Structures are given as structure tokens and as C-alpha cells.
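Chemist: Show me the folded form of this:
(3 chains)
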Amino acid sequence: MSASARARPILMGLLVPVLLIGIWQAIAATHLVAPYILPSPALVLARFRGELDGGTFGGDVLASLSRALAGFAIGAPAGVGFGLLLGLSRVAGRLFGPIFLAYRQVALFAWVPLLSMWFGGGEAGKVAFIAMTAFAPATVNSWRGAAAIPAPYRELSRALTLRRLDHLLLVALPSALPGILTGLRTALIYAWLATVGAELFLDIAPGLGGRLNEGRDKFEVDLMIVALTVLATLGLAFGQLGAAAERRSIPWRNR
Amino acid sequence: MKTPVRFALLGLVLGTALAAVPALADPVTIRIGYPGVGADNRPFASGDIVAVAHAGHFVEDEFANDPDIKIEWTFFRGAGPALNESLAASHLDIAAGLGDLPSIVGRANGLKTRFILTDKVRDTIYLAVRPNSGIHRVEDLADHRLSEFKGTNLQLAADKVLAAHGLSERNARFINLDTGSALAALNAGEIDGTFGSIELLGLRDRGIVELPYSTKAEAASFGRHSATFVTEAFDQAHPELVQRIVDAFVKAARFGADEAHRSAVFDLWAKSGYPPQAFAEDFDNERLANRISPLIDAYVIARYRDQAAHVRQYGLIRKDIDVDGWFEPKYLEAALKAQNLENFWPQYDAEGHKVTIGDVEQTRSAAR
Amino acid sequence: MSRLATALPVPILLFGLWWLSAAQGWLPEQLLPAPATVWDALAETAASGDLQADILISLQRVGEGFAVGAVAGLIFGGALGLSRPVRDLFDPLFLLLAQVPPLAWIPLVILVVGIDEAMKVTVIAWASFVPVVLGVAQGIRDVPEPLRELGRALTFDPWDLVSRIVFPAAVPAIFTGLREGLANAWQTLVAAELFASSEGLGYLISLGRQLFQLDLVLAMVLVLGIVGLTLNGALALVERRLLRWQARAA
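Modeler: Alright, predicted model coming up:
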């Protein structure tokens, strides 16, 4: 592809956002709407810079990130382990699978009051909720990956009279790896989503969700837009990171 | 033969001393929770004994010479219900200034606490509506949308006011919102009325709300009450610390009830982000001691019995609770005696009539 | 039949543990209410009619929001999948906006449309919109080239190409998107009702939390599970019917 043909999609992708920002700036400049309801892009940018310089924004982002990672570190491995168990053992799958699927029917945020009553509304409660949210996608995908080990692989193991452990380590796990990685990637995204939710519903503490609430209480839309933008960017980063990690880890699979 | 015996004795003494040292140097963190936040979610209280104690560092001063004892305050935006969750998860030792409804709900659901002193009584609540909404009396709220901060003592006081004026779930819609969200919602026209206290006065001054009604003129039973509790676990483990905490709160109460300190008290409360004038207006024609009293007298006991019955009646709890076994006045009595304050506050009977006059009523405002 | 037989032991065991723990008082009652109290809470809300009314309101909100979001998603996703220029123009912005969890939009939406039905339907519609768009766009893009060439070889005009080849081939992906959209819608409904509501299943749960009634919370969790199962089952049924028809027509 020529350079201009490659540049074209990028330029087109930027066109709509730039247009929208332009319209936004125009509306704000006419002062038709009060600045506190619709702050101009310039105001939002100024707020962003202000938060970085003097505000607690760095601390908020760090707090949210650390909660997300803490919950992920607890929930995702547990989910992978459980999912592998369900997938590798027909018996376990038939015994525990149905109740797990039933558990998945309950909307995630319905567990927030329960967890806050058990663990309090502080860090423990938030991390517990995030861990719980990361658990399900990790389980589902690892289960799928483990259950989908092709029959020929199993037959090969039998033909080679591999021990259970060897079969597990040399054949089953590598074959389930794509599923596991998808599970981890999805769990990370869910953990981030749960972090915002936990911060919105539980006790005040440093964090992006807290700033979002603050913006709403004080009618500071510029703060809300800044928080949402940072949220979106971090979410995107998590997604890309996860996808890249997934690609690097299984180079032998052409995806 | 003497030397081994001497060594053995030395070893015994040293061993006992070493065993005692950890007990002496055991670091204890006293975790105090308060069900509320100040303006802009500031971690400060106002309007009660705990606010005076916190802003005036009375508790910290009490333990200033104990390097192993740390004081940790937590302010809950989710008010009483959020504080109850922390209690249930064993994250708090002292629930300071917990309102009557959430403390009753907690007790009904098995939270094990001891009522060690009162924090505030006869607190006024105001009805806030948008300007020019046409709502001038509580009755006018029929068929409108109200916010209620469910589970807090504000809900109980509001429910009483509404019931007294013929309103209930059947002729008005109640939306569960916390204080900050309620004000934002009222401002934006999403709800038509909300109840609250001094945080509304400043908004009225800025023309954002109107306050057509307050419980100032009503019977004392329409006000809010709150108290300070200690968990049974902490009480059993560190009764001596509980006594000292109560001592500190009583000192703060002594300061906060004295008319000579009136403006100083308002300044302390102003750390919560609300201007001193708001408190001056809230306490207009009212002595500080009318609300700032730590006594567990017949009035307080009757009030809590009454509230518990109301709470049961409104269906907010599902079983009757024993209120009498809850009170633990021994710490308060010891503190009052030690500080010579046994006759400082007036005592009231169950109906709210004064039965003994208190010394505090002799105090005069510094300005007069 | 044996499926059911293996599915039951674990739930029964868990229930037994729960019942035993409550009876023996292993955990304080405010942390784990007895099954009987949870059942009572359920029966009480059902008897007063509140439960049915709240379920209906929640379903209504999901229905409205999902309908709006799914239809819009089908259209926008179709445009993204079929038209290169549209994709180049709107894809990046859409993907960026899609990163923000629907829940995070709620505070901003509240400022714009208030806390009432409009807020809930808006947020639910957006939550349904995103997966549907992704499913439709992906499904259309994944239609194998040979199929498209076949259409071109048969000199199908663009409308026929889309309606007789592309769309039917994309149906499985579209349904995946719809299923995810419904799941998203349901999740967002509960979150929105927890945020600010005066009725609905989420409201009942938050009321339970405010009044420290863990039995009410648990009862509502159970109800949510059952309603979720039913919704999913219904959608799966529709999907199977449609695919069976499609297979027959092929």
C-alpha cells in the first residue's frame, strides 16, 4: 500500500473526533449553555493540567490501578485454576459447571451490597468485588480452552502412554493456553470495569471513580470529562496490553 | 548450690519482665468511625460532641503521652449504613455519633455494641425545596418526589414529620439518595424536596433552596438523636481505654455545652466546611446544652425505646429489640464524677420535662 | 436426565452447608442469615406485591433500553461492517467511547437527563449498543471471501448480496452480539438502579443494604439469578429457532 493509502484511514479516523471537538468548542464559545454544564474543551484541558500539577490525580490513578491489579491477582488465577479443573475433568465439569453457570446469571453489581456487608466498604470490600468480577471470565475461557483439547491430542498422549502429569504439562496445558490467555485478558478488562464500579458504590477513597462522583456532586463537568477520558484511555491501554501479551505468548498460533 | 538458685531467680525475674514488656508496649489502634462527611466530602463533623472532640483534638490530647496508642478516624460518606458495614466487618472499635435509626437497625441485626454516651439530642431538621416550587407546607409534598437517605437517622426523623402530616409511600415517591446526591438532584429538578440540616442553610442563603419548614417549633421527639458506641469486643479487651475515650468525649462535651465558648464551638464546627453563621442560625434562641449533652438520662432512654418501636412499626426492622440492656453508663458516670460534672447538665424525664437544673445553665454567652 | 443428576449434588451440598452453618451459628447472623429468613424476606416482598412490581419495572427498563440499543446497534454495526469509509470515519471514536464502562457514564448522564427512567433507558441502550455493533460488524467482516465472490459471480446486486449472502452468514455473530448486549443491558440495569432509584430489583437490593437486611439482599440476588436465567433461555430459544429456519432455508 502506498503511503497516502495507509495514511488515509488514520486521517479519516481523526476527522470525526476533531469535528466533534470543534463543534463542542463552538457551542461553548457561544455561551448558550452555562460553562458549568458544558465546559469548553479548553477548560477541560486546563482542568486536566491543573489536576496533574496540583491535584491528587496521580494518586487517584495509582489507587485505582493498584486496586484493579490486586483484585485481578486474586480473582484471575483462581478463575484459571477453576476453569481448567472444569475443562480437564469431565466429572468436575458436570458437577460444578451448572452451579457456576447459575452464579454467572446474577448481575455482577448485585454482589456489591453483599460484599460490603461482609468486608466493609473500604479496600477489602473493593478488592473482593474486583476479584469476584475477574473470576468469572477467567473461568469461562480457561474452561473452554481446556475442554476443547482436540481428540487427536488425547489419543496421541494415550499412544505415547504419557503419565497423567506429563499429559497435563506437555499436551493439555499448552493446548488450553489460548483459552487461558483470552480469559486473563478479559478478566483484566472486567477488573478495570469493576474498579470503577466499586469506587462509585463503596466508601470514598482516592480513586478515579471517587473523582467522578465528586464531579457529579459539585456539578463540575470538566472534572467528570477528565476522569472519563482517563478511564477510557486506561481501559484502551489494558485492552491493547492484554492483546499484545496474548500474541507474544503464543507465537505458534496464527490468529 | 546458691549460684544456680540465684541464676534461676534472675532468669525468672528477667523472663517475667520480658513477658510483661510486650504487654505494656502492645500497640493499639483505636479505630473511631463517624457517619458523615463535611462539605465537599471533607473528613470533618459538625453539630455534636464528636465534632468538638475531633476538631479540638480532645481524644488525641488524652492519649498524647501514650506512644503505643494510635487514634484512627474514618468518616463515612454513606453515613450510618456504611458505618454499620464497617462494624460488621470488625473494622471499627468506636462508632461515634451514630444516629438512632442505624444504631437500632444494627442492634436488631446482631451487631454487638454498648451505648456509652449520648452524642446529640433534639437536633433540628429542615425541609428543602426549590425556590418558587409552590411548596409551603409539608402537606404540599403530596404526589411529589422526595429523596430519603435510607437507613439514617434523617430518614427516621423525616418519616415522623411526613407521617404527622399525612404523607407516606402511598402519596409521595421516595428515592434513596445520599446527602450530596440529594442536593444535586434537588438543584437539577430531579426531586422536589429533601430533608437535611445545616448544610441547607448556606444553600438557602445563595437562593438555591427554600426552607419552608423546620422541626424547631415541633415537639422534641421530632428531632434527631445520635450516640457513641463501643464494640463489645473492644470493651472486653480494653476497658481502661474505653474509660479514657469517654473521659475525652466528656471533656469535649463540657467545652461544647458552655455558652461562654459559643463562637469557639461554631468555629470548630466550621472546619467541616460550613460557615459559623449557619450554626449560629441553627442554634438561634437555643442553648448549646440543649443538644450537646452526653447524659444517658430518662429522656434518652425513653427516646430510644420509642424510636425502636417506631422503627419496628415502619417495618424497617423485623423483630423487637431490647433497648435496656444496651446502655452502659458506668464509663460516663465515672467520667462525670472525675471531672466534677455530675450536676453540669440538666436531666430530663421520659416526657422531656426538665427534672434537675444543670450548672451549665448558669453559663453565659461570652458576647452578652 | 443424567445431566440433571450430576448438576444437583453440589448445589444441594452448598445449601446443606449454608443451613448447617446458620443453625450452628458458625457465622454471626448479620453475615450469613439462615435460609429460612431469606425465604421469609422473599415471601414478604412477594406477598406485598412489591416483588412483582419491581421485577416488572426492571424488565420494562431492560426491554426499552435493549430494544433501542439493539436496533441502533444493528444499523450502525451494519454500516461499519459494509462500508469501508464509514468504518474509517467512525471506528476509532466508537472504540474509544466503548472503553468506558456503561456504569461510569451514569453520573454524567444523570446531570443531563436526571435520575429517572430516561437515565436508565439511556445507559441501558448504550450498554446494549456496543456489543451489538461489535458483533454485527465482526460478523459481516468475517463472511468468507469465497461466499462474496459467489455472490458477485451470480451477479447479485448489492442489496441481494447483503440480504442473501452476507447477512445470513453473519447471523451467528450477530446473535452472539445480541446475547452479549442483553447481558450487558441487564448488568447495567442493576448498576443504574443501585445508583438512584425508587423501584426495581436494584432498588430493593440497595434498600436491603441501607437497612442492613442481608436476607433481603440475598433473596434479591436469587431472584436476579432466576430472572437472568429466564431471559437468557428465552433469547437462546429465539436463536435456535432462527438458526434452524436458516439451516432449513440453506
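Chemist: my guess is residue C:134 meets residue C:174, correct?
Modeler: No. Using CB atoms under 8 Å, residue C:134 is not in contact with residue C:174, being 10.5 Å away. Every residue, glycine included, has its C-beta placed from N, CA and C.
Chemist: Can you tell me which helices and strands the helix or strand encompassing residue A:77 packs against?
Modeler: Remark: residue A:77 resides in helix A:57-88, with elements defined by DSSP states H and E. Applying 3 or more CB pairs under 8 Å, 6 or more residues apart in numbering or on different chains; DSSP states H and E, one finds that helix A:57-88 makes contact with helix A:90-105, helix A:123-147, helix A:173-201, helix A:208-217, helix A:221-249.
Chemist: does any part of the last one sit near chain B?
Modeler: Going back to what we said before, that points to helix A:221-249. No. Contact of helix A:221-249 with chain B is not found when judged by CB under 8 Å from any CB of the partner chain; the minimum separation is 11.9 Å.
Chemist: Which positions within that helix qualify as buried?
Modeler: Neighbour-count burial for helix A:221-249 flags A:221-228, A:230-232, A:234-235, A:238-239, A:242, A:246 (criterion: 16 or more other CB atoms under 10 Å in any protein chain shown).
Chemist: Now do it, average pLDDT.
Modeler: Helix A:221-249 shows a mean pLDDT of 86.
Chemist: between that helix and helix A:57-88, how big is the angle?
Modeler: Interaxial angle, helix A:221-249 versus helix A:57-88 (axes from the mean of the first three to the mean of the last three CA atoms, to 10 degrees): 40 degrees.
Chemist: is helix A:221-249 anywhere near chain C?
Modeler: Yes. Residues of helix A:221-249 are located near chain C by CB under 8 Å from any CB, namely A:221, A:224-225, A:228, A:231-233, A:235-236, A:239.
Chemist: In the stretch 1-150 of chain B, what residue lies closest to chain C?
Modeler: Minimum separation of the stretch 1-150 of chain B from chain C (CB to the nearest CB) falls at residue B:150, amounting to 3.9 Å.
Chemist: In contact with that residue, which residues?
Modeler: For residue B:150, the contacting residues are B:81, B:176, C:206-207, C:210-211, by CB atoms under 8 Å, 6 or more residues apart in numbering or on different chains.
Chemist: now swap in residue B:49 and tell me
Modeler: Applying CB under 8 Å, 6+ apart, the residues near residue B:49 are B:97, B:117, B:119-120, B:228, B:249, B:252-253, B:256, B:292, B:294.
Chemist: Could you check the longest strand along chain B against chain A for contacts?
Modeler: Longest among the strand segments of chain B by residue count, using DSSP state E, is strand B:113-123. No. Using CB under 8 Å from any CB, strand B:113-123 stays clear of chain A, coming no nearer than 15.6 Å.
Chemist: burial count for the closest residue to residue C:19 other than its chain neighbours?
Modeler: Nearest non-adjacent residue to residue C:19, counting by CB to CB, 6 or more residues apart in numbering or on different chains: residue C:35, 5.3 Å away. A count of nearby residues for residue C:35, using other CB atoms under 10 Å in any protein chain shown, gives 16.
Chemist: What distance do you get for residue C:35 to residue B:64?
Modeler: Residue C:35 is 51 Å from residue B:64, where distance means CB to CB, to the nearest Å.
Chemist: ranges for the helices of chain C?
Modeler: Counting by DSSP state H, chain C has helices at residues C:2-7, C:9-24, C:35-47, C:50-82, C:84-99, C:102-113, C:117-141, C:145-153, C:158-160, C:167-195, C:201-210, C:214-249.
Chemist: Just give the number of residues close to the closest residue to chain B within the stretch 51-200 of chain A.
Modeler: Closest to chain B within the stretch 51-200 of chain A is residue A:120: 3.6 Å, counting by CB to the nearest CB. Using other CB under 10 Å, residue A:120 has 26 neighbouring residues.
Chemist: so who does the residue in chain C positioned nearest to chain B touch?
Modeler: For chain C and chain B, the shortest gap (CB to the nearest CB) falls at residue C:210, measuring 3.4 Å. For residue C:210, the contact set (CB under 8 Å, 6+ apart) comprises B:81, B:150-151, B:176.
Chemist: Residue numbers of the stretch 151-255 of chain A in contact with chain C?
Modeler: Near chain C, when you scan the stretch 151-255 of chain A using CB under 8 Å from any CB, you find A:192-193, A:196-197, A:200-201, A:209, A:212-213, A:215-216, A:219, A:221, A:224-225, A:228, A:231-233, A:235-236, A:239.
Chemist: still on that earlier bit, any chance of the helices and strands packed on helix A:57-88 in JSON lines, plus distance to residue B:358?
Modeler: Supplementary listing: the helices and strands packed on helix A:57-88 in JSON lines, determined by distance: least, CB to CB, whole Å:
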{"stretch": "helix A:90-105", "distance to residue B:358": "59"}
{"stretch": "helix A:123-147", "distance to residue B:358": "43"}
{"stretch": "helix A:173-201", "distance to residue B:358": "45"}
{"stretch": "helix A:208-217", "distance to residue B:358": "40"}
{"stretch": "helix A:221-249", "distance to residue B:358": "49"}
